[in-house]
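**Student:** okay, sequence plus prediction incoming.
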Amino acid sequence: MAAPDGFEKGDRIIRLIHLLRMFQAAPGGLTTRQVADRLGVSQRSVQRDVTALEFELQVPFYRSKGRWLVREEYWLRPVAFSLQEAIGLLLSARLMLRHADKADAHTAAAYEKLAAVLPEPLRQPLVSAAFGLSAKPMNPTYSRVFGVLAMAWAERRQVDLKYQTAPGKTRRVWPLFLEPGWFGHSCYLLAWDQGVRAPRVFKVERIVDARMRAENFEYPKGFSIDQQLQSAWGIWGSSDPIEAELIFQPEVVARVRETVWHPSQVLEELSDGRLRMTLRIGHWLEVRHWVLGWGGACEVVKPRELRSAVMEAVSEMARTYGLLEPSEFRRLIARHERLVGGVRARSASAARRAG
């Protein structure tokens, strides 16, 4: 069955990637008949596939002496890896396999090429990762959109895109960066939005259409990807980050210390065995699910918005599991807040007298 954007599911995606690899291996070009014979399809199907690659993935085909060729600048030059470097790529492949929730034929093809030059003990895990990526569910729209964004980013070309929240509106953007989200199996586009003249973050899975334009762009003056993402817990950076304070119970302190969760984190041992973590993040919303993942072993002290959001989530869970009525839970929380506030006020008063 044909997908709405012109791609067929399953074997056609694989055939398109195979077709690209054939042209990469044939710098002198191929005729339509040669491609049809190798793929076992009609010449008419080959013409449709070439058109799809040109239109959907912006592959720069041209004709010369009856042959189809891809412009040389489209291909990256060969790269030689040391064994240690290849192992690093193998580890990234395993992470990619766990991260991806949809088929990624391009990345799978890259891993297959790398596997071909690795020693046998390392080859099979990489081949398995490539196969696993190819076997995941197809999302033709995502594959097409990602291909356009990647090409536009590399060539610094402007893009017209339509977003899920307002599919009837076309937004002209400058693709500045593509960043995977370590949560949610997602990928994000960091772009300069000409409409608002400011950087914006777009979830690639929510982009319903993307068209690369002929116009190029220059990076905005003073803009830095590193600075933009410096305070981000995930993808939301800020020039004015907020301070978060978390208290961890003794039973999880060792686990918390094992990992650097954020570059800005500062850890402080408390006298009762608990651990205080302070950090500066772009937005509290991104850290909410991570905090909830610690259950009762983590308490939010600030910001107030994060503490309230966690309290609301705990209230909902209590109702879901039939532990407390929301009104009773809120009453207990209010009582707890009053007790904590009283203790802090007495401590501050004692500190002032001592000083």
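**Tutor:** Thanks, I have the structure now.

**Student:** okay, CA-based contacts and neighbour counts for the rest of this
**Tutor:** Noted.

**Student:** what's the burial count for the closest residue in space to Glu251 that isn't next to it in sequence?
**Tutor:** Nearest residue to Glu251, sequence neighbours excluded (Cα to Cα, 6 or more residues apart in numbering): Ala297, at 7.6 Å. Ala297: 16 surrounding residues under other Cα atoms under 10 Å.

**Student:** next: Met96.
**Tutor:** Using other Cα under 10 Å, Met96 has 19 neighbouring residues.

**Student:** same deal with Trp153?
**Tutor:** Trp153 sits with 21 neighbouring residues when counted by other Cα under 10 Å.

**Student:** pretty sure the residue nearest to Glu251 is touching Val252, no?
**Tutor:** Yes: between Ala297 and Val252 there is a contact under Cα atoms under 8 Å: 6.9 Å.

**Student:** tell me the SS of Gln84?
**Tutor:** Following DSSP: H, G, I helix; E, B strand; the rest coil, Gln84 is assigned to helix.

**Student:** er, Ser264 I mean
**Tutor:** coil.

**Student:** and the gap between it and Ser134?
**Tutor:** Distance check for Ser264 against Ser134: by Cα to Cα, to the nearest Å, it reads 38 Å.

**Student:** what about these two, which has more around it?
**Tutor:** Legend: neighbour count by other Cα under 10 Å for Ser264 and Ser134, higher for Ser134 (22 against 14).

**Student:** report the contact partners of that one.
**Tutor:** The contact partners of Ser134, taken as Cα atoms under 8 Å, 6 or more residues apart in numbering, are Ala103, Asp104, Ala105, Ala108.

**Student:** can you tell me the element it falls in?
**Tutor:** In the assignment (DSSP states H and E), Ser134 maps to helix 120-135.

**Student:** flag every buried residue along that helix.
**Tutor:** Arg123, Pro125, Leu126, Val127, Ser128, Ala129, Ala130, Phe131, Gly132, Leu133, Ser134 (16 or more other Cα atoms under 10 Å).

**Student:** so the third one touches Leu90, yeah?
**Tutor:** Going back to what we said before, that points to Leu126. Yes: if you go by Cα under 8 Å, Leu126 and Leu90 touch, sitting 6.1 Å apart.

**Student:** the contacts of Ser134 into TSV, with extra columns for secondary structure, distance to Ala318 and pLDDT?
**Tutor:** What follows is the contacts of Ser134, written out as TSV (DSSP: H, G, I helix; E, B strand; the rest coil; distance: Cα to Cα, whole Å; pLDDT from 0 to 100):
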residue	secondary structure	distance to Ala318	pLDDT
Ala103	coil	38	82
Asp104	coil	40	81
Ala105	helix	44	76
Ala108	helix	44	82
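
**Student:** between those, which is closest to Ser45?
**Tutor:** Using Cα to Cα, Ala105 comes nearest to Ser45 of the contacts of Ser134, at 19.7 Å.

**Student:** roughly how far does the closest one sit from Met138?
**Tutor:** Going from Ala105 to Met138 by Cα to Cα gives 10 Å.

**Student:** the more surrounded of those two?
**Tutor:** Using other Cα under 10 Å as the criterion, Ala105 and Met138 rank with Ala105 on top: 23 against 19.

**Student:** pLDDT below threshold where in the chain?
**Tutor:** Within the chain, the stretches with pLDDT under 70 are 1-14, 56-57, 184, 239, 324-330, 332-333, 336, 340-355.
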